[in-house]
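1. task: produce atomic coordinates for the following.
(6 chains)
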Number of protein chains: 4
Amino acid sequence: MKNQKPKYMQIIDAAVITIAENGYHQSQVSKIAKQAGVADGTIYLYFKNKEDILISLFREKMGHFITDLEEVTRSKNTASEKLLLLIENHFRRLSEDYHLAIVTQLELRQTNKDLRLQINSILKGYLKLVDKILVEGIEKGEFDKDLDIRLARQMIFGTIDETVTTWIMNDHKYDLVGLAPKVHQLLINGCGNKN
Amino acid sequence: MKNQKPKYMQIIDAAVITIAENGYHQSQVSKIAKQAGVADGTIYLYFKNKEDILISLFREKMGHFITDLEEVTRSKNTASEKLLLLIENHFRRLSEDYHLAIVTQLELRQTNKDLRLQINSILKGYLKLVDKILVEGIEKGEFDKDLDIRLARQMIFGTIDETVTTWIMNDHKYDLVGLAPKVHQLLINGCGNKN
Amino acid sequence: MKNQKPKYMQIIDAAVITIAENGYHQSQVSKIAKQAGVADGTIYLYFKNKEDILISLFREKMGHFITDLEEVTRSKNTASEKLLLLIENHFRRLSEDYHLAIVTQLELRQTNKDLRLQINSILKGYLKLVDKILVEGIEKGEFDKDLDIRLARQMIFGTIDETVTTWIMNDHKYDLVGLAPKVHQLLINGCGNKN
Amino acid sequence: MKNQKPKYMQIIDAAVITIAENGYHQSQVSKIAKQAGVADGTIYLYFKNKEDILISLFREKMGHFITDLEEVTRSKNTASEKLLLLIENHFRRLSEDYHLAIVTQLELRQTNKDLRLQINSILKGYLKLVDKILVEGIEKGEFDKDLDIRLARQMIFGTIDETVTTWIMNDHKYDLVGLAPKVHQLLINGCGNKN
DNA sequence: AATGAATGAGACTTCATTCAT
DNA sequence: TATGAATGAAGTCTCATTCAT
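-> So this is what the prediction gives:
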C-alpha cells in the first residue's frame, strides 16, 4: 500500500466530503485542508498538486473496490451469478457511501481530459473484470458465442453507470441495491443465448 | 466578403470548434470570438454570458436532433426498427460532426451542476422518445410485458452513451455507425420477450 | 442660445430623468438614448461625448437659473432682501424639479475632477452674484464692513448646498422652500444672540 | 528590511496616496497594491473588495478624528470655544494631510450611493457632536434659544466643508488653519452688523 | 440627419502553489 | 513535519464610441 500515514487518507476523506458537499468547483485546496484539519501547505507534503488529490482519491477508493470485486466473484460458478454479484456490489458500495457516489458519478467528471484519462486507466481493472466474466460466459455457453465483447462490456458498464447516476440525480430516494436483479436480468437477456 | 450566416449560429459553431480543439477550460471567450471572426464584445450581443453560449449550443445542436429523430422513427412500424433507427441516427450524427461529438460527450460534462441540469432538461426529450418506443414495443408484444421501463431506458441510453464515449476516447479510429446493428441486437435481446 | 434644435434639449431632459432614476453610474449612453427616443449614435451628432452631455445639462439648467436670479434680485433694494430671494429661488427651483435636484446635488458629484472643474466654472456666475450682494450689503452698512467676502460667500453657498443635499437625502419629505426664511435669518444673523 | 506597519494600515495609507495622486477612477487595485508594496492578491486578505478599502479608509481616518474631536472639545467650557476648537482641528487635520484632504473632499464623493451611505453613517458621529455643542450653547444662553438646530448644523457643516473644498480647489495655496477664527466668527455672529 | 450593430480596451477578483519560519 | 501569509497570473464582461448604410 502506497501510503499508510494517517494524514494521507485523512486528506482524501476530507476531499470526498468537501467535494460532495460543495461541488468540484467550490472545493478549493484551502477548503479541503480545513476539512482535513491541516494547513494548506501540508496538503503539498502528501500530494504533488490538486489533481493528484483527485487521482489518488479515485485510486484509493475504487482500487480497493475492484480488488474486492475480483475476490467476491471468484466464489461463484456461473458468469451470470458473477455478473449479479458485480452489479450488487457496485450498487451497494455507492449506496453505502453517498458522498463517494456523488463525487465519482457527478463531480469528478467535471475535470479536464487529462484527469479523466487517468481515471479511465484505473477503471481498466473494472472493465477487464467484466471482460473476464463475459469470456467465461461465452466459453460456458451461457452467453451467445458471437457476442461482441467490447460492445457487451460497454452495455454493462454504461447501464450500471447510468443507473447509478440517475439514482443520484433523483436524490437517491429509492433503493438502488434492490434494482440489481432487474438490471442483471436486462443485461443477461442482452448477452444471452437466444435459442 | 460578408459571412451570410447570422452571427448567432456563427458564434455557436465557433464555440463547438474551439471547445473541441482546446478543451472546455481552455476555451476563453476571446478564443471563441476570434474563431468566430467577431470582437469579444459581440458575443454579448447574442448571449447573456459564457454559460449561455454552451446551453444555446446544446439546445441548437441537440434540440434539432431530437426533433429529427421523432420524425424519422415515425416512418417505421415496429419498436425494434424504431430503436435501430434511433441508434443509427445517434451514431451517424456524432460520426458526421466529430467536433460536436467531443463537445457533447466530453467537454460539456466538465461544467457546473446548474449547466448540467439545463442540459439534462433538454435531454428529457430524447429520453421521452425512448420511453415511447419502449411502451409501443411492450404493447405490440415485441418487448417483455414486465419490462421496467425506467431501467430499460437507462440501459439503452447508458449503452449508447458509453459506446460513443469509448469511440471518442479511442480517437474514433473505427466505424461507429457500423456498430449500430450489433448494439441494437444487444439492447433488443435485453428488452426482448424470452419465451 | 446655443442650440434650439429640439433633439438637443430632448437628450438633455432624457439625461436628467435617466440619471435621477438610475444613478450616474447606471446611466449608460444607450439608456439615455432610449429615454430620449433616439438612436445611440444620434447622441453624438449633438454632443462631443458623454461628459459633454453632463456639462451641457448643467449649463442649460443652471445657466438659465443664474440669469433668472440676477434679474429677480435686481428688484429688491437691500442686500438682505436680495439674499432672501436668492435662497428662496434656489430652494424653489430644486423643489419644483426633483429629478434635477437629485442630479445636481448627488449624481453629478460622482464625476471626475475635470468635469467638476467645468461645473465649478459655470457656478462662478452664481458665486459672483453672491459676492455682489455681499459687497452691496457692506457698502450699505447692512453687513459688517470687515466681513471677509470669500468666507462669507463660502458660508452662504455651503449652507444652502448642504441644506438642499440633506433635504434630498431625507427623501424630500419636508418643505424645502419653507426653510428659506430661517436659513436666511441664520446667515444674516448667525447663531449669535443679538442682545 | 521588513515593514513593521501591519499590512492593513499599509494598504490604507497606500490607497490614500494613490487616490490623491491619480484620482479615484484611475486608482486600480493593482496600483494601490504596488504603492503598498504588496501583491494584488494580498489586498484581498485584508479587504473584502475594492469598496471595502474605501470604507475602511474613511472609517480609520475619520473615525479617529471624530473621537479626537470629542475629547478635545471636552476641555473647553463655552460652546463658542468648543466650536472654534472643532473648526481649527478640522482644518488642521486636513492641512496636515493634504492627500487625505483630497481623498475625502473630492475623490471619495465620486463613488456610488451605497458607499456614500456608509460614509454618511460614519459622518453621523461628527454631526452629533455639532448638535451637542449647539444644544449646550442654547442652554447656556450663548446661542439664540429659538435656534433651529438642524439648520444651524447644516450651516456649520456646510460652511466648513465648502471652505475646505475651495481651499483644495485653489491648490491649498493659502493657510487654511488661519481661517478658523474668521470662519468661527462668521458662524457665531453671522453676516449681520452687531451694532 | 439618423441609425444601431459592432468594436475592443480594461479591471476586479480568485485560488493553486510557494517558502520562510 | 507543519504552517499559513503571500503571491501573481489570468479571464469575463461592460460600455463609450464609431461608421457603413
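
2. when you work out contacts or count neighbours from here on, use the C-alpha atoms and nothing else.
-> OK.

3. residue contacts, the most centrally placed residue in chain A?
-> By CA atoms, centre = their mean, chain A has its centre lying nearest to A:Met62, at 5.4 Å. Neighbouring residues of A:Met62 by CA atoms under 8 Å, 6 or more residues apart in numbering or on different chains: A:122-123.

4. return the backbone torsion pair for it.
-> The phi/psi pair for A:Met62 (degrees, to the nearest 10) reads phi -90, psi -30.

5. try A:Phe143
-> The phi/psi pair for A:Phe143 (degrees, to the nearest 10) is phi -110, psi 160.

6. hmm, back to that, give me the pLDDT for the residue nearest to the centre of chain A.
-> pLDDT, A:Met62: 89.

7. do the same with A:Met1
-> 39.

8. number of nearby residues for whichever residue of chain A sits closest to chain B?
-> Among the residues of chain A, A:Gln110 lies nearest to chain B; the distance is 3.3 Å by CA to the nearest CA. Residues within reach of A:Gln110, counting by other CA atoms under 10 Å in any protein chain shown, total 23.

9. tell me which residues touch the nearest residue to it once chain neighbours are set aside, please.
-> Once flanking residues are discounted, A:Gln110 sits nearest to B:Gln110: 3.3 Å by CA to CA, 6 or more residues apart in numbering or on different chains. By CA under 8 Å, 6+ apart, B:Gln110 lies in contact with A:109-112, B:24.

10. just for chain A, where's the confidence low?
-> A:1-5, A:191-195 (pLDDT under 70).

11. longest single helix anywhere in it?
-> Determined from DSSP state H, the single longest helix within chain A is helix A:113-139.

12. so that helix, near DNA strand E or not?
-> No. Against DNA strand E, helix A:113-139 shows no contacts by CA under 7 Å from any atom of the strand, the least distance being 12.7 Å.

13. flag every buried residue along that helix.
-> Using 16 or more other CA atoms under 10 Å in any protein chain shown as the test for burial, helix A:113-139 gives A:113, A:115-116, A:119, A:122-123, A:125-127, A:129-131, A:133-138.

14. please, which helix or strand holds the closest residue to DNA strand F within chain A?
-> Here chain A gets closest to DNA strand F at one residue, A:Gly41, 3.1 Å apart by CA to the nearest atom of the strand. Using DSSP states H and E, A:Gly41 sits in helix A:40-46.

15. could you see whether chain D lies near that helix?
-> No. Figure legend: helix A:40-46 not in contact with chain D (CA under 8 Å from any CA of the partner chain); closest approach 15.1 Å.

16. now do the contacts for whichever residue of chain A sits closest to chain C.
-> Nearest to chain C in chain A, going by CA to the nearest CA, is A:Gln26, at a distance of 31.2 Å. If you count contacts by CA under 8 Å, 6+ apart, A:Gln26 has them with A:Ile19.

17. repeat that for 10 Å
-> Residues near A:Gln26 by CA atoms under 10 Å, 6 or more residues apart in numbering or on different chains: A:18-19, B:112.

18. now for A:Ile149: which residues touch it?
-> A:130-132, A:134-135, A:138, A:155, A:191.

19. most widely separated two among those residues?
-> A:Ile138 and A:Met155 (16.0 Å; CA to CA).

20. any idea how many residues pack against the nearest residue to A:Glu107 once chain neighbours are set aside?
-> Once flanking residues are discounted, A:Glu107 sits nearest to A:Tyr24: 5.3 Å by CA to CA, 6+ apart. Using other CA under 10 Å, A:Tyr24 is surrounded by 23 other residues.

21. I'd like the distance between A:Tyr24 and DNA strand E.
-> 9 Å (CA to the nearest atom of the strand, to the nearest Å).

22. and what of A:Tyr44?
-> Using CA to the nearest atom of the strand, one obtains 6 Å as the distance from A:Tyr44 to DNA strand E.

23. now the helices: where do they sit in chain A?
-> Under DSSP H, chain A gives helices at A:6-22, A:29-36, A:40-46, A:50-74, A:79-96, A:98-105, A:113-139, A:149-169, A:180-191.

24. A:His64: how many residues sit nearby?
-> For A:His64, the count of nearby residues is 12 (other CA under 10 Å).

25. quick one: contacts for it?
-> Counting by CA under 10 Å, 6+ apart, A:His64 touches A:58, A:70.

26. need phi/psi at A:Ala39.
-> phi -80, psi 160.

27. okay, now it: neighbour count?
-> By the measure other CA under 10 Å, the count of residues near A:Ala39 is 15.

28. and for it, nearest residue in space, chain neighbours not counted?
-> A:Ala33 (5.8 Å).

29. list the contacts of that neighbour.
-> A:10-11, A:14-15, A:18, A:27, A:39-43.

30. save the residues you listed as JSON lines, and put in distance to D:Lys76 too.
-> Converted to JSON lines, those look like this (distance: CA to CA, whole Å):
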{"residue": "A:Gln10", "distance to D:Lys76": "66"}
{"residue": "A:Ile11", "distance to D:Lys76": "64"}
{"residue": "A:Ala14", "distance to D:Lys76": "63"}
{"residue": "A:Ala15", "distance to D:Lys76": "64"}
{"residue": "A:Thr18", "distance to D:Lys76": "61"}
{"residue": "A:Ser27", "distance to D:Lys76": "59"}
{"residue": "A:Ala39", "distance to D:Lys76": "55"}
{"residue": "A:Asp40", "distance to D:Lys76": "56"}
{"residue": "A:Gly41", "distance to D:Lys76": "57"}
{"residue": "A:Thr42", "distance to D:Lys76": "60"}
{"residue": "A:Ile43", "distance to D:Lys76": "62"}
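
31. list only buried entries from the residues you listed.
-> Neighbour-count burial within the contacts of A:Ala33 applies to A:11, A:14-15, A:18, A:27, A:40, A:43; the criterion is 16+ other CA under 10 Å.

32. closest to C:Leu94 among the residues you listed?
-> A:Ser27 (54.2 Å).

33. so the closest one makes contact with A:Leu54?
-> No. Using CA atoms under 10 Å, A:Ser27 makes no contact with A:Leu54, being 11.2 Å away.
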